[in-house]
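Chemist: This is a predicted model, with the sequence first.
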Amino acid sequence: VFLPPSLTKFSPEFMADMPFMPAIFGKFIQIFEVNGLRTYDGKSFSYPSLKPVRIVRTPIKHVKTVIARGHSAGKVAKEIAGKLGLSKFLIDWRKVKNLNRKNVIALASTAGNPNQALLETAVMIYNLRRKGAGLLRVALLLWPYARQERTDNNRVPLSAAVAGMILNYFRPKAIMTQDLHQPAIQGFGYTTPVETIYSTALFAAKIAQLIKENNLKPEDIYIGAVDRGAIGRATQLRLHLKKNHGIDISEDIPTVDKRRDRNGKSQTKSISHRNKLKGKIMFFVDDMTDSGGTFEGAAEAAKAAGARRVIAFVTHVVSSVNPATGMLNMAKLEHSKHLDALIGLDTVADLTPEMQQLSKIDIMSNSAWLAQNIREWAWWLKKDHENASLKNLNDNSMPEPPRLREPVERHLRNILQPDTLAA
């Protein structure tokens, strides 16, 4: 009898915690005249009598794990596998032959058309399960159709929920996302648990680095929200800077009054706390940007109120997916008179060679932060049975801030120098 670890009812972990389960299971084996039992770590046991049988728990370090990557997650998957010590176990899900109950961490593709990305993720989950995956966990950093999580009228489809139905149908063990557009999307996993990690720690580390390197004063800095939905992110960033970096920034959150027209284009009306922004440095934070119009409008409103510098941080840079429209949008932001810098993460795609020439826009590496979260999320990868959790990690950690390209680092130093700010 072969017992895979996914069979919760009769798995070795479950029976080791139940005092009478080995004896009862031994009786069943004798009744059905089974000569032996083989656990998933390859050890065999015989049952010559009705005596309780000792089930050996497999050590975590002996559990084999592989990382499967989607077509657009090659670079990120390679970096994560290296930081987790699994470089030799990085596979392409389309070329898998037999997984033999190995635990699988699947890095899904998020670049390109959302329909293609969602379909590839569904086919990847199905194929990995069909090839004998044990515990299958999917890292889907950008939830498909994340902006369509609610219906403003009867004609708007709830596409984010439909994406959750499709993913839940193929039954992954769990799904991990990064900076959901709305926390309610976690419920769209239905019977599949959806965990969310946040980029707040990364952004706070980078902002703290800029403040210390340029000798900026906390009273000259404000954390702003590009709209009312981003107030929570801005507050979380401010609290993280105060708690983990000792930088106490004003509790006031300048918020932009942003509205969208029928075509989906954002229209900025005004910004709150106008009388406090003169000569200040503004840091805006958001979860997603496409054309950059939201940040451009927020920067314009902040500069109109007297702000000296405006720097934006965003998790998902969707503009980097399509090279044609993406380069056009990035070029507009590069020559913007209001937005001084835009820094994103490589959750969707990296900058194209043409975009590498930009000096005000860059995409930071997210791999080290992802690897740290995956180690906590996939419990069998923990060292020495650590009792940390994703929430504690995201609330209390101080990751090393990723380095930007040298032109962008030089540009930030130039615009944040005290003499430049005074001018």
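Modeler: Good, I have the coordinates.

Chemist: State the distance from the residue lying closest to residue 172 once chain neighbours are set aside to residue 127.
Modeler: By the measure of CB to CB, 6 or more residues apart in numbering, the closest residue to residue 172 outside its immediate chain neighbours is residue 138, 4.7 Å from it. (Each C-beta comes from the backbone N, C-alpha and C, glycine too.) In this view, residue 138 and residue 127 are 12 Å apart by CB to CB, to the nearest Å.

Chemist: For the nearest residue to residue 100 once chain neighbours are set aside, list the residues it contacts.
Modeler: Distance criterion CB to CB, 6+ apart; nearest residue to residue 100, sequence neighbours excluded, is residue 132 at 5.8 Å. The neighbours of residue 132, taking CB atoms under 8 Å, 6 or more residues apart in numbering as the test, are 98-102.

Chemist: repeat that for 6 Å
Modeler: 98-101 (CB atoms under 6 Å, 6 or more residues apart in numbering).

Chemist: can you give me how far stretch 274-284 is from the chain middle?
Modeler: Remark: stretch 274-284 is offset 30 Å from the chain centroid, using CA atoms, centre = their mean, to the nearest Å.

Chemist: Buried residues, that stretch. List them.
Modeler: Using 16 or more other CB atoms under 10 Å as the test for burial, stretch 274-284 gives 277, 280-284.

Chemist: From the residues you listed, pick the one nearest residue 109.
Modeler: residue 284 (28.2 Å; CB to CB).

Chemist: can I assume the closest one sits in a strand?
Modeler: Yes. Per DSSP: H, G, I helix; E, B strand; the rest coil, residue 284 lies within a strand segment.

Chemist: buried ones in stretch 238-257?
Modeler: Residues of stretch 238-257 classed as buried: 238-241, 244-245, 247, 249-250, 253-256 (neighbour count, 16+ other CB under 10 Å).

Chemist: Other residues contacting that stretch?
Modeler: The contact list for stretch 238-257 (CB under 6 Å, 6+ apart) reads 200, 204, 208, 218, 221-227, 231, 234, 268-273, 298, 301, 398.

Chemist: List buried residues within the residues you listed.
Modeler: Of all these considered here, the ones buried according to neighbour count by 16+ other CB under 10 Å are 200, 204, 208, 221-227, 234, 268, 271-272, 298, 301.

Chemist: Looking at the residues you listed, which are in helices?
Modeler: 200, 204, 208, 234, 298, 301 (DSSP state H).

Chemist: can you redo those residues as CSV with pLDDT and distance to residue 112?
Modeler: As requested, those are exported to CSV (pLDDT from 0 to 100; distance: CB to CB, whole Å):
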residue, pLDDT, distance to residue 112
200, 93, 27
204, 95, 31
208, 95, 34
234, 94, 30
298, 91, 28
301, 92, 33
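
Chemist: where are the low-confidence patches of the stretch 201-350 of the chain?
Modeler: Counting by pLDDT under 70, the stretch 201-350 of the chain contains low-confidence ranges at 260-269, 319-328.

Chemist: Please enumerate the helices of it.
Modeler: Under the criterion DSSP state H, counting those that start in this stretch, the stretch 201-350 of the chain contains helices at 231-245, 293-304, 323-334.

Chemist: The longest one: how far from the chain's middle?
Modeler: Which is helix 231-245. For helix 231-245, the distance to the chain centre is 18 Å (CA atoms, centre = their mean).

Chemist: one step back: for the contacts of residue 132, which one is nearest residue 170?
Modeler: Minimum separation from residue 170 among the contacts of residue 132 (CB to CB) is found for residue 99, which lies at 15.5 Å.

Chemist: Looks to me like the closest one is in a helix.
Modeler: No. Inclusion of residue 99 in a helix is not indicated when three-state DSSP is applied; the result is coil.

Chemist: And the average pLDDT for the top helix by length along the chain is what?
Modeler: With DSSP H setting the assignment, residue counts place helix 114-130 as the longest helix in the chain. In this model, helix 114-130 has a mean pLDDT of 89.

Chemist: So which bits of it are buried?
Modeler: Neighbour count says helix 114-130 has 114, 117-118, 120-122, 124-125, 127-129 buried, by 16+ other CB under 10 Å.

Chemist: wait, residue 120 sits on residue 109?
Modeler: Yes. Using CB atoms under 6 Å, residue 120 is in contact with residue 109, at 5.4 Å.

Chemist: so what sits against both of those two?
Modeler: In the contact map built from CB under 6 Å, 6+ apart, the residues linked to both residue 120 and residue 109 are residue 70.

Chemist: want to throw the buried residues of stretch 274-284 into TSV with distance to residue 151?
Modeler: Converted to TSV, the buried residues of stretch 274-284 look like this (distance: CB to CB, whole Å):
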residue	distance to residue 151
277	36
280	38
281	39
282	33
283	33
284	28
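
Chemist: quick one: average confidence on stretch 67-84?
Modeler: The model assigns stretch 67-84 a mean pLDDT of 88.

Chemist: ugh, wrong one, stretch 145-164
Modeler: Mean predicted lDDT for stretch 145-164 stands at 82.

Chemist: List the buried residues for it?
Modeler: When neighbours are counted by 16+ other CB under 10 Å, the buried residues of stretch 145-164 are found to be 145-146, 148-149, 159-161, 163-164.

Chemist: Save these as a markdown table, and put in distance to residue 94 and secondary structure too.
Modeler: A markdown table is the format used below for these (distance: CB to CB, whole Å; DSSP: H, G, I helix; E, B strand; the rest coil):
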| residue | distance to residue 94 | secondary structure |
| --- | --- | --- |
| 145 | 24 | coil |
| 146 | 26 | coil |
| 148 | 29 | coil |
| 149 | 30 | coil |
| 159 | 26 | helix |
| 160 | 27 | helix |
| 161 | 28 | helix |
| 163 | 22 | helix |
| 164 | 24 | helix |
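
Chemist: Pick out whichever of these sits closest to residue 412.
Modeler: Checking the buried residues of stretch 145-164 one by one against residue 412 (CB to CB), the nearest turns out to be residue 146, at 29.0 Å.

Chemist: list the contacts for the closest one?
Modeler: 160, 181.

Chemist: Backbone torsions only: list them for it.
Modeler: In terms of degrees, to the nearest 10, the main-chain angles of residue 146 are phi -60, psi -30.
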